[in-house]
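*Asks:* Pasting the sequence and the predicted coordinates here, then a few questions.
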Amino acid sequence: MRWWLVLIILIGLIGTASAMGPHIYTRHGMQEMAKPEIVPKHAPLWAEENCTHNQTRMQNMTCIREGTPKVVERPKIVERRIMEVRMEKRIHEMRQRMLGIKERIENAKMRYEKAREMYMKLRRHGLTNPETFRYAKMFLYYGIDYVEGWLERLMVQVQNVNMGEDQKERLMERIQNFLMALNESKNAINTSKSPEELRNAVAELRKTWNEIRIEIKSIVGQIAVAKLETVVEKAKDVTLKLEAEVDALNSSDVEKIKDLLNDCNEKLDEANAKLDEAKVKFEEMLNSTNPNELYVEGRLLLMEARTLIVEAFKDIREIFYDIKHLSVGQVFFGNETGELLVVGTGNAEVHFSGIAVVDVNGSVRVTPSTCVISVVGMSKSEENGTLTASGHGKIVVRGKNVTLSVDGELFRMFVKGSGAATLNGQGIYKLKKSPKAVMVTETFGNVTVEFGVIE
């Protein structure tokens, strides 16, 4: 399969939560998922050749291989969420940069196609003809320039995708090495003085391309994984909010909705597991004697993850619909309420009136223990009016004048009502002070925030 068709398939998977995918519906509107990226529709002739992968030569490219581990650990969720917030703040700069690169790609494509058209008309005269030779060099030169523009675009995608900094630096270094290798080939073609020199330069170019094309497929696969991981994380934020709203409903039909929520979370967890496997496949391509087999396996895992995500969003839509109809006429602790979502590590202490849902690997303390408390998957004890739960699980708390303290390696917490929270550690929070207020997203180290009507 031609390299650009492979990339179209993978980039299509990067935008799996896009045009064909569903949307996340919340009470505050609809959040669209990422659209598929644009890739070249035409590749230079030298890139279209069906060449055999040269494993020995690929292993000798130490500038690309050096320092690359066999398996990269999955970035911590908290680090990824912090990066997500930071990237959102520079999205305008990224868009401007992408527009500049897109213009360069279009110009290179136009020059390439014109030079190629002229060469195809003159090629019957052979490379010994000065005009044929000149246009042969031009279409090869501009073809490399076209690919270099696309690689620069790929570099911007890596810079702005939500993955670990170490992984991002490795991928950026590889792309920079690709650009240097292609630039050397471009210079060799441009300075060639005879048909023989040009043929030798083209032969080296094909070898270079054969070496880096597996790398490119691996990189695009890792970008696809990172983008789908972000979709899963945002979906989990939504399910936590929905769980709080379900618990606040005064209806006998909530058990059906709770079953749907459990099903949705199971699908998201399974999708995450598939993405972990896919990322390992794409990373192991670089050291495998059969990288194409790993690539196909990684693609299949991405497709399975996408299917699970689509099914999870179907559950979310149904849950949203059921909540909307069951909540008609019900008032939740008055109309003046706020919302706080936290994903982080460390400690969070909240004094509130309303409802809180916490998914944590650590411990939770609730005072007073007489408020409505539901604990799943955690051990619990009660002493002096305080309930303590520990382990990996979920806790739902509902009441007035409640003090909730969370400590954990990773916790996801949603609170709806009124109160104040002190966050210590590392992570992100999304704050909506009142129903009419704008949602604010920030990172935290040590911060206190207020929401709803503060008593």
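*Replies:* Done, it's in.
*Asks:* CA only for contacts and neighbour counts going forward, please
*Replies:* Will do.
*Asks:* Just the helices from the stretch 201-350 of the chain, written as ranges.
*Replies:* Listed in chain order, the helices of the stretch 201-350 of the chain (DSSP state H, counting those that start in this stretch) span 254-284, 291-326.
*Asks:* Gly452 is nearest to which of these?
*Replies:* helix 291-326 (21.5 Å; C-alpha to C-alpha).
*Asks:* Buried residues of that closest one, list them for me.
*Replies:* 291-292, 294-295, 297-299, 301-306, 308-320, 322-323, 326 (16 or more other C-alpha atoms under 10 Å).
*Asks:* what do you get for stretch 223-243?
*Replies:* 223-233, 235-243.
*Asks:* Turn the helices of the stretch 201-350 of the chain into TSV, including distance to Arg123 and mean pLDDT.
*Replies:* Putting these into TSV (distance: least, C-alpha to C-alpha, whole Å; pLDDT from 0 to 100) gives the following:
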stretch	distance to Arg123	mean pLDDT
helix 254-284	40	92
helix 291-326	34	92
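*Asks:* could I get the ones you listed as JSON lines with distance to Glu113?
*Replies:* Below are the helices of the stretch 201-350 of the chain laid out as JSON lines (distance: least, C-alpha to C-alpha, whole Å):
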{"stretch": "helix 254-284", "distance to Glu113": "33"}
{"stretch": "helix 291-326", "distance to Glu113": "30"}
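*Asks:* So which of the ones you listed is nearest Ala356?
*Replies:* Short answer: helix 254-284, nearest of the helices of the stretch 201-350 of the chain by C-alpha to C-alpha, at 16.0 Å.
*Asks:* Now do Ser192, the pLDDT please.
*Replies:* Listed pLDDT for Ser192 reads 92.
*Asks:* From Asp315, how far off is the closest residue to it other than its chain neighbours?
*Replies:* Nearest non-adjacent residue to Ser192, counting by C-alpha to C-alpha, 6 or more residues apart in numbering: Leu198, 5.4 Å away. Leu198 is 59 Å from Asp315, where distance means C-alpha to C-alpha, to the nearest Å.
*Asks:* same thing with Ile101?
*Replies:* 39 Å.
*Asks:* again with Ser192
*Replies:* For Ser192, the distance to Asp315 - C-alpha to C-alpha - is 62 Å.
*Asks:* Domain map for the protein?
*Replies:* 1-330, 338-451 (automatic domain parsing).
*Asks:* so how far is the first one off the chain centroid?
*Replies:* Translated: domain 1-330. Mean C-alpha position of domain 1-330 versus that of the full chain (C-alpha atoms, centre = their mean, to the nearest Å) differs by 10 Å.
*Asks:* For the top strand by length along the chain, which strands pair with it and how are they oriented?
*Replies:* Scanning the chain for the longest strand, with DSSP state E as the assignment, gives strand 386-432. Sheet pairing for strand 386-432, assigned by DSSP bridges, gives strand 338-367 (antiparallel), strand 372-383 (antiparallel), strand 440-451 (antiparallel).
*Asks:* Run the chain-centre distance for it.
*Replies:* 26 Å.
*Asks:* Stretch 348-360 now?
*Replies:* 28 Å.
*Asks:* what's the burial count for Val440?
*Replies:* Val440 has 11 neighbouring residues, counting by other C-alpha atoms under 10 Å.
*Asks:* Give me the distance between it and Gly338.
*Replies:* 12 Å.
*Asks:* where do the contact lists of these two overlap?
*Replies:* 431-432 (C-alpha atoms under 8 Å, 6 or more residues apart in numbering).
*Asks:* For Tyr295, which residues are in contact?
*Replies:* 217-218, 281-282, 285.
*Asks:* what sits up against stretch 78-86?
*Replies:* Stretch 78-86 has contacts (C-alpha under 8 Å, 6+ apart) with 162-164, 343-345, 410, 426-428, 441-443.
*Asks:* Neighbour-wise, give me the winner out of those.
*Replies:* Gly344 (29 neighbours).
*Asks:* separation between that residue and Thr239?
*Replies:* Gly344 is 17 Å from Thr239, by C-alpha to C-alpha.
*Asks:* same check, this time on Thr132
*Replies:* 63 Å.
*Asks:* And for Leu423?
*Replies:* 22 Å.
*Asks:* Equivalent analysis for Lys279, please.
*Replies:* Taken as C-alpha to C-alpha, the span from Lys279 to Thr239 is 25 Å.
*Asks:* Poorly predicted segments of this protein, please.
*Replies:* Low-confidence segments of the chain (pLDDT under 70): 1-76, 86-94, 250-252, 327-336, 453-455.
*Asks:* and the contacts of stretch 78-86 as CSV, adding distance to Ile144?
*Replies:* Converted to CSV, the contacts of stretch 78-86 look like this (distance: C-alpha to C-alpha, whole Å):
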residue, distance to Ile144
Asn162, 29
Met163, 29
Gly164, 30
Val343, 44
Gly344, 45
Thr345, 46
Leu410, 46
Gln426, 44
Gly427, 42
Ile428, 42
Thr441, 42
Glu442, 42
Thr443, 41
